[in-house]
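no sequence for this one, just the structure:
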């Protein structure tokens with residue numbers, strides 16, 4: 001798709017290029033195979049290809065420091081997360097707009113924005129013609145995220161699931177890893193949330209948006225711009241408790257008597273018996289014994305124009 005010149009623009013003046021960051025060697029064949037498709041979207045595409053982990057973050061930081069008003073992350077949630085962290089490291093996170101071209105294995109944030117993930121041309125039209133939408137930006141122990149985070153069992157499952165298993169079994173690979181993780185002892189965490197009494201848990205899931213792991217409304221009350229985190233706590237460790245979370249994941253409804261707690265808060269602190277793994281936007285981010293969630297501000301994202309009703 002070639003973007004036409006704005007009305008009244010002299011013919012010798014062209015619209016500015018738009019930097020697009022993509023990992024052409026991503027383990028996702030979808031992302032790696034779309035380089036040519038993305039390049040063909042418009043003459044305005046200025047492609048920046050990464051070669052390793054952390055490159056997208058460094059590229060986004062550099063481009064933002066150089067004054068890019070808009071930077072596009074082409075890939076899945078991991079690529080989006082790296083670009084978001086680069087924007088914040090640049091100190092221009094409040095001035096550079098984030099665009100998203102969903103081209104990864106998981107595109108949860110893109111779905112949250114209402115982007116048509118299977119139609120790159122339509123997503124590019126959103127980037128050029130869409131609206132800037134303000135979403136909450138959250139930080140977990142120094143790492144920023146825009147969609148979700150998980151501490152404990154959730155992150156342990158991600159750590160356990162190899163790329164080879166995902167390629168062979170698809171989403172089933174996470175279930176198989178979950179069965180392994182549930183067969184081991186899980187460190188207990190004390191959850192401190194503003195406006196709520198302390199509670200115990202072995203898994204804590206946190207959402208800025210409604211969706212988790214795909215089209216599942218795990219956080220049914222979440223609004224990305226309300227200044228609140230939506231929190232799910234699994235107090236105990238076992239198949240029955242995991243099943244309760246699974247039922248909630250599918251239905252979006254919670255029953256505390258079944259061992260799942262759901263609430264909203266503007267600040268969250270977790271203290272664990274020992275260092276526990278944590279993930280942000282579906283990517284393993286580290287291990288810690290004390291985990292602090294805070295909201296440093298907001299981020300501008302290019303989103304579809306709402307459909308008139």
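That came in fine, so what should we check first? Since this is a predicted model, take the numbers as computed values, not measurements.

following element in sequence after the helix or strand that contains residue 83, please.
Using DSSP states H and E, residue 83 falls within helix 77-90. Counting by DSSP H and E, the element after helix 77-90 in chain order, helix or strand, is strand 97-102.

show me what that following strand is packed up against.
strand 18-22, strand 70-75, helix 77-90, helix 108-113, helix 120-129, strand 283-303 (3 or more C-beta pairs under 8 Å, 6 or more residues apart in numbering; DSSP states H and E). Where C-beta positions appear, they are placed from N, C-alpha and C, glycine not excepted.

how about 7 Å then?
With contacts taken as 3 or more C-beta pairs under 7 Å, 6 or more residues apart in numbering; DSSP states H and E, strand 97-102 sits against strand 70-75, helix 77-90, helix 108-113, helix 120-129, strand 283-303.

most packed of the ones you listed?
Highest mean neighbour count among the helices and strands packed on strand 97-102 (mean count of other C-beta atoms under 10 Å): strand 70-75, with a mean of 28.

can you check what angle separates it from strand 97-102?
20 degrees (axes from the mean of the first three to the mean of the last three C-alpha atoms, to 10 degrees).

picking that back up, what's in contact with the helix holding residue 83?
The contact list for helix 77-90 (C-beta atoms under 7 Å, 6 or more residues apart in numbering) reads 21, 23, 56-61, 64-65, 71, 73, 93, 96, 98, 100, 104, 106-109, 143-147, 280-283, 299.

filter those to the buried ones?
With neighbours counted by 16 or more other C-beta atoms under 10 Å, the contacts of helix 77-90 contain buried members at 21, 23, 56-61, 64, 71, 73, 93, 96, 98, 100, 104, 106-109, 143-147, 280-283, 299.

strands of the chain, start to end?
Shown for the chain, the strands assigned by DSSP state E span residues 18-22, 45-49, 70-75, 97-102, 131-140, 143-145, 148-152, 189-193, 196-201, 203-207, 229-234, 261-265, 268-280, 283-303.

in TSV: those, plus distance to residue 219 and mean pLDDT.
As requested, the strands of the chain are arranged in TSV below (distance: least, C-beta to C-beta, whole Å; pLDDT from 0 to 100):
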stretch	distance to residue 219	mean pLDDT
strand 18-22	28	96
strand 45-49	32	95
strand 70-75	22	96
strand 97-102	19	96
strand 131-140	13	95
strand 143-145	13	96
strand 148-152	8	95
strand 189-193	14	95
strand 196-201	16	92
strand 203-207	3	94
strand 229-234	4	92
strand 261-265	8	91
strand 268-280	13	95
strand 283-303	14	95
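
save these as a markdown table, and put in distance to residue 173 too.
Formatted as a markdown table, the strands of the chain follow (distance: least, C-beta to C-beta, whole Å):
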| stretch | distance to residue 173 |
| --- | --- |
| strand 18-22 | 24 |
| strand 45-49 | 28 |
| strand 70-75 | 20 |
| strand 97-102 | 21 |
| strand 131-140 | 25 |
| strand 143-145 | 23 |
| strand 148-152 | 17 |
| strand 189-193 | 25 |
| strand 196-201 | 25 |
| strand 203-207 | 18 |
| strand 229-234 | 21 |
| strand 261-265 | 27 |
| strand 268-280 | 16 |
| strand 283-303 | 15 |
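
out of the ones you listed, flag the one nearest residue 163.
Closest approach to residue 163 among the strands of the chain (C-beta to C-beta): strand 283-303, 12.4 Å.

any idea how far that closest one is from the chain center?
The chain centre lies 10 Å from the centre of strand 283-303; the measure is C-alpha atoms, centre = their mean, to the nearest Å.

need the residues that contact stretch 266-278.
Stretch 266-278 has contacts (C-beta under 7 Å, 6+ apart) with 140, 149-152, 155-156, 159, 187-194, 204, 206, 227-229, 231, 284-295.

would you mind splitting this structure into its domains for me?
What the record gives for the chain is the domain set 18-129, 145-297, from automatic domain parsing.

most tightly surrounded among those domains?
domain 18-129 (a mean of 20).

first vs last residue of it, how far apart are they?
13 Å (C-alpha to C-alpha, to the nearest Å).

which residues of the stretch 1-150 of the chain score low on pLDDT?
Scanning the stretch 1-150 of the chain for pLDDT under 70 picks out 1-14, 25-33.

do that again at 80, thanks
For the stretch 1-150 of the chain, the stretches flagged by pLDDT under 80 are 1-15, 24-33, 104-106.
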